[in-house]
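>>> The amino acid sequence is not available; the structure is as follows:
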C-alpha cells in the first residue's frame, strides 16, 4: 500500500466506526491511569532527548493511536451535531 492510500483507508475505517460505535463511550474514553503515566514518562524522556529506540517506537505508536482517536472523536461529534 502506498502512503497515498493511507488517508483513504483511515477514512473508511473511521466511517465504519463512527456509524456503529457507542458514541458516548468513545467520546468519554481516556487512557487508563497506568497507560497515561507511561505516556507521560515517554513524553518527559522525549523532551529530555533520552529515549531509547524501543521507547521511541512505543511513543510513536501512542501518537498514531492518539491521532486516530482524535479523528474518530471529531467524526462522532460531527455525526451527533450540536
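Arrived safely. None of these values were measured; they are calculated from a predicted model. Numbering: from 1, shown residues only.

>>> Report all helices and strands that the longest helix seen in the chain contacts.
Selection of the longest helix in the chain by residue count, based on DSSP state H, yields helix 53-80. Packing partners of helix 53-80 (3 or more CB pairs under 8 Å, 6 or more residues apart in numbering; DSSP states H and E): helix 5-20, helix 23-27, helix 33-47. Bear in mind the C-beta positions are built from the backbone N, C-alpha and C, glycine included.

>>> Out of those, which is closest to residue 71?
helix 5-20 (5.8 Å; CB to CB).

>>> low-confidence ranges in the protein?
Counting by pLDDT under 70, the chain has low-confidence residues at 1-6.

>>> How much space separates the residue nearest the centre of it from residue 43?
Nearest to the mean C-alpha position of the chain, by CA atoms, centre = their mean, lies residue 66 at 2.0 Å. Note on residue 66: its distance to residue 43, by CB to CB, to the nearest Å, is 11 Å.
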